[in-house]
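Peer 1: A predicted structure for the sequence below; I have some questions about it.
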Amino acid sequence: MVKYILEIIYHYSTYLSSWSWQKLYGNREKGYGYKKDRKADNWDGKSRPSNKAYDDNYDRIFGQKQIKELDESLKQSKRNRQEREDNEAYLKEIKNKL
C-alpha cells in the first residue's frame, strides 16, 4: 500500500516537474523563465538606473557648468561679432579714403 502511494506521488511529481520546466523554459519567446524582471525596465545598460532622481541630480551637479559654458560662449560670440563689424567698418573707411 505504501509503495503504491509513493509511486503515485512519484508519477505526479515527475509529471508536474516536467510541466513546470516546459512552461518556464520550453519556449524562449513565451516562456516565463526568459521574461525580464520589471526592475530592469528602467536600466540604461550602464551601472546606474535611469530614473527621475538620477536626472535631477545630474542636472543639479552638471547643469550649472553647462549654463556657465553657454553664457561664456554667447559673450564670446557677441565679442566676435562686434569685432567683425568694427573691422568691416574700418575696411570701408580705408576703401573710401583710397
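Peer 2: Yep, that arrived. Numbering: from 1, shown residues only.
Peer 1: for this protein, what helix or strand is lowest in average pLDDT?
Peer 2: Sorting the helices and strands of the chain by mean pLDDT, DSSP states H and E puts helix 2-25 at the bottom, at a mean of 82.
Peer 1: shaky segments in this structure?
Peer 2: Applying pLDDT under 70 to the chain flags residues 31, 33-50.
Peer 1: which one's the longest helix in it?
Peer 2: The longest helix of the chain (DSSP state H) is helix 52-97.
Peer 1: Pull the distance from the least confident helix or strand of the chain to the chain's centre.
Peer 2: Per C-alpha atoms, centre = their mean, to the nearest Å, the displacement of helix 2-25 from the mean C-alpha position of its chain is 44 Å.
Peer 1: now do stretch 63-79
Peer 2: Centre-to-centre, stretch 63-79 and its host chain are 27 Å apart (C-alpha atoms, centre = their mean).
Peer 1: For that stretch, output the C-alpha coordinates as PDB.
Peer 2: Extracted in PDB, the C-alpha atoms of stretch 63-79 (Å, rounded to 0.1, in the frame of the first residue of the first chain):
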ATOM      1  CA  GLY A  63      23.700  71.700 -15.200                       C
ATOM      2  CA  GLN A  64      25.300  74.800 -13.700                       C
ATOM      3  CA  LYS A  65      28.500  74.100 -15.500                       C
ATOM      4  CA  GLN A  66      26.700  73.800 -18.800                       C
ATOM      5  CA  ILE A  67      24.800  77.100 -18.200                       C
ATOM      6  CA  LYS A  68      28.100  78.900 -17.400                       C
ATOM      7  CA  GLU A  69      29.700  77.500 -20.600                       C
ATOM      8  CA  LEU A  70      26.800  78.600 -22.700                       C
ATOM      9  CA  ASP A  71      26.900  82.100 -21.200                       C
ATOM     10  CA  GLU A  72      30.600  82.400 -21.900                       C
ATOM     11  CA  SER A  73      30.100  81.100 -25.400                       C
ATOM     12  CA  LEU A  74      27.300  83.700 -26.000                       C
ATOM     13  CA  LYS A  75      29.500  86.500 -24.700                       C
ATOM     14  CA  GLN A  76      32.400  85.400 -26.900                       C
ATOM     15  CA  SER A  77      30.100  85.200 -29.900                       C
ATOM     16  CA  LYS A  78      29.000  88.800 -29.300                       C
ATOM     17  CA  ARG A  79      32.600  90.000 -28.900                       C
END
